[in-house]
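Novice: coords please:
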Amino acid sequence: MTAVLLALLGGCTLGPDYSRPENEAQRTDFRVSLPAQQAESFANSAWFELFNDPYLETLVHTALNGNPDLGIALARIEEARARTTVTRSAFGPNIRAGMDTNPMPGGESNDATFNAGLGFAWELDIFGKIRRADEAAQARLLATEDGARAVMSTLVVSVASTWYSLLELDEEVRILERTAASQEQSLQLVRSQLHSGVSSRAEEQQAIAQLASTRARLPVARQAVVDAENTLSILLGQGPRDFLDRPRGLPVERVDASGLALGLPVELLEQRPDVRQAEHQLHAATATVGVAVANRFPFPTIGLSGFFGRYAVDFGDIDSRSASTNFSGWGPYVDMPIIDWGAARGNEEVARAGMQQALMVYRSTILRALKEVSDSVHAFEYAAEVIDANTVFKTAAGSSLQLQRERFSNGLVGYLDVLDAERQLLLAEQNLVRSQLQRLQAYLDIYRALGGGWSDSELAAIADARSANAS
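Specialist: I've put the predicted structure just below:
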């Protein structure tokens, strides 16, 4: 009998078996293709090695331990793990204790009989329905784990990107403050020229208007700094606060592109959490088709059931050996629907449509990943050219302003030429720091696009710490 049961339990599984589909990452004409010797992915670098910034490292550690979105993702893993336990429990028999009362009209001492005992029911997984359900649950668990990895990757890069944006906004405030101070000097120069009869009232008003315009931009820039601080605080899982001890300047010099190895495009499948998550979801959807097929006619549900207990005509005698009777019974059962009006077929069609959707999501995720890699790589390369051009622009604009002031002092040009030179220098300085920020953010985008920023060991440590705090 045992051999028969083992043979039945090891029976076939219905529905399609999962296999990884071909994808766009396996094309040889990928726009950012690299030689094989550079296959070691840039994304394999730990985030703290990438940033090399103690202040930023502290911020990221704080975010990993306090960000609520990451906490939600970790809780979803626990939920998915518990669901796999529920699904896997169907492999064993369902054993329950029970007691019931049956009416018995005309009885001698009572009008009822009483039964108490243990019952069991065991569905034999002949057609693989339970195995497919377990396969789907395991795939969903893996997808949930990759979802947490994706949240961690996005969080690490978001903290760094917001941090660099804050430093850039600091620099814009300082540029405006320097410009306002320079324009105050220009105004004093115009007024001194006015007293000497060289300048006019119109030029004085032009200088006043330009200074007021710059001063009006300062509160807007400072508000942008506050907004960035608040965004960073929320990412850290904290209420809005300032970061007064932060350093100054963008760390553009720390971005070293000389050893940048992007890895082969196909390696996105091995590193990017969202791609892995989409594949596991496709696997789960494929296994769900097998569950739906196993539930369809003419495949019956076959199992064993039984009940072992005692029988008595009086409730008080149920535990008395002399006044009650032992009874038992067990045997196979078959549950096979004859007419369900298309419900089982409809469920299978639903499952197959879900599998097609998951396949399209997987392909879309692959294509989006390739686009993000291509976009970020080209943005990183072109940002260097923009920085070089803006550096030249700034140098030339600074020299032009100095020359125009000298010429204005000597009465060779009007104040409009000085105003134009001041506007050009302000624009050049702002363009330079903004292009430096763009290069830093492109560097981060490459890291995230290739799947960097997550670590299983860190996620496990974070989950343990959060569980301990919750306890």
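
Novice: quick check, residue 359 in contact with residue 21.
Specialist: Yes. Under the criterion of C-beta atoms under 8 Å, residue 359 is in contact with residue 21, at a separation of 6.5 Å. Bear in mind the C-beta positions are built from the backbone N, C-alpha and C, glycine included.

Novice: which residues in this protein form helices?
Specialist: Under the criterion DSSP state H, helices of the chain are mapped to 2-9, 47-51, 54-66, 68-88, 129-195, 201-235, 268-271, 273-294, 343-409, 415-449, 456-470.

Novice: most tightly surrounded among these?
Specialist: Mean neighbour count (mean count of other C-beta atoms under 10 Å) peaks for helix 273-294 among the helices of the chain, with a mean of 24.

Novice: what angle do that one and helix 129-195 make?
Specialist: 150 degrees (axes from the mean of the first three to the mean of the last three C-alpha atoms, to 10 degrees).

Novice: average model confidence for helix 273-294?
Specialist: Helix 273-294 carries an average pLDDT of 93.

Novice: cool, stretch 206-220 as well?
Specialist: The pLDDT scores in stretch 206-220 average 94.

Novice: can you show me the CA trace of it as CSV?
Specialist: The C-alpha trace of stretch 206-220 is given here as CSV (Å, rounded to 0.1, in the frame of the first residue of the first chain):
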residue,chain,number,x,y,z
GLN,A,206,19.5,99.7,-13.8
ALA,A,207,22.1,98.7,-11.1
ILE,A,208,19.4,98.8,-8.4
ALA,A,209,17.0,96.7,-10.5
GLN,A,210,19.6,94.1,-11.2
LEU,A,211,20.6,93.8,-7.6
ALA,A,212,16.9,93.5,-6.5
SER,A,213,16.4,90.8,-9.1
THR,A,214,19.2,88.8,-7.8
ARG,A,215,18.1,89.2,-4.2
ALA,A,216,14.6,88.1,-5.2
ARG,A,217,16.0,84.8,-6.4
LEU,A,218,17.8,84.1,-3.1
PRO,A,219,14.7,83.2,-1.1
VAL,A,220,13.5,80.9,-3.9
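
Novice: for that stretch, what is the distance to the chain centroid?
Specialist: 42 Å (C-alpha atoms, centre = their mean, to the nearest Å).

Novice: can you check stretch 165-182 too?
Specialist: Offset of stretch 165-182 from its chain centre (C-alpha atoms, centre = their mean): 33 Å.

Novice: show residues contacting it.
Specialist: 211, 214-215, 217-218, 221-222, 224-225, 228-229, 232, 243, 246-251, 401, 422, 425-426, 429-430, 433-434, 436-437, 441 (C-beta atoms under 8 Å, 6 or more residues apart in numbering).

Novice: coming back round to it: quick one: common contacting residues for residue 359 and residue 21?
Specialist: By the contact definition C-beta under 8 Å, 6+ apart, residue 359 and residue 21 are jointly contacted by residue 282.

Novice: contacting residues around the residue positioned nearest the centre of the chain?
Specialist: With distances taken as C-alpha atoms, centre = their mean, the residue of the chain nearest its centroid is residue 151 (2.9 Å). Contact partners of residue 151, counting by C-beta under 8 Å, 6+ apart, are 69, 70, 72, 73.

Novice: what is the nearest of the residues you listed to residue 162?
Specialist: Nearest to residue 162 among the contacts of residue 151: residue 69, at 14.1 Å, using C-beta to C-beta.

Novice: hang on, that closest one packs against residue 155?
Specialist: Yes. At 7.0 Å, residue 69 counts as touching residue 155 under the criterion of C-beta under 8 Å.

Novice: can you list the low-confidence ranges for the chain?
Specialist: 1-11, 23-43, 98-100, 103-117, 120, 254-269, 297-304, 306-331, 333, 471 (pLDDT under 70).

Novice: how much space separates residue 70 from residue 242?
Specialist: Distance from residue 70 to residue 242, counting by C-beta to C-beta, to the nearest Å: 24 Å.

Novice: likewise residue 449?
Specialist: Residue 449 is 32 Å from residue 242, where distance means C-beta to C-beta.

Novice: cool, and residue 379?
Specialist: Distance of residue 379 to residue 242, computed by C-beta to C-beta: 31 Å.

Novice: what would the helices of the chain look like in a markdown table with distance to residue 335?
Specialist: Putting the helices of the chain into a markdown table (distance: least, C-beta to C-beta, whole Å) gives the following:
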| stretch | distance to residue 335 |
| --- | --- |
| helix 2-9 | 16 |
| helix 47-51 | 54 |
| helix 54-66 | 50 |
| helix 68-88 | 20 |
| helix 129-195 | 12 |
| helix 201-235 | 53 |
| helix 268-271 | 42 |
| helix 273-294 | 13 |
| helix 343-409 | 13 |
| helix 415-449 | 51 |
| helix 456-470 | 41 |
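
Novice: between those helices, which gets nearest to residue 97?
Specialist: Residue 97 sits nearest to helix 68-88 of all the helices of the chain, at 20.5 Å, using C-beta to C-beta.

Novice: could you check how far the closest one is from the centre of its chain?
Specialist: Relative to the mean C-alpha coordinate of its chain, helix 68-88 is positioned 15 Å out (C-alpha atoms, centre = their mean).

Novice: other SSEs contacting it?
Specialist: helix 129-195, helix 456-470 (3 or more C-beta pairs under 8 Å, 6 or more residues apart in numbering; DSSP states H and E).

Novice: now the angle from that helix to helix 201-235?
Specialist: Going by the same axes, to 10 degrees, helix 68-88 makes 30 degrees with helix 201-235.

Novice: use 5 as the first number from now on
Specialist: That works, and once the first residue is 5, the last one we named lands at helix 72-92.

Novice: contacts for helix 72-92, please.
Specialist: 67-68, 134, 137-138, 140-142, 144-145, 148-149, 151-152, 155-156, 159, 241, 463, 466-467, 470.

Novice: quick check: chain neighbours aside, which residue is closest to residue 242?
Specialist: Leaving aside its chain neighbours, residue 242 sits nearest to residue 70 (6.6 Å; criterion: C-beta to C-beta, 6 or more residues apart in numbering).

Novice: then residue 445?
Specialist: For residue 445, ignoring the flanking residues on the chain, the nearest one in space by C-beta to C-beta, 6+ apart is residue 165 at 5.5 Å.

Novice: do I have it right that the one you found meets residue 446?
Specialist: No. Taking contacts as C-beta under 8 Å, residue 165 lies outside contact range of residue 446: 10.4 Å.

Novice: okay then, goodbye and thanks.
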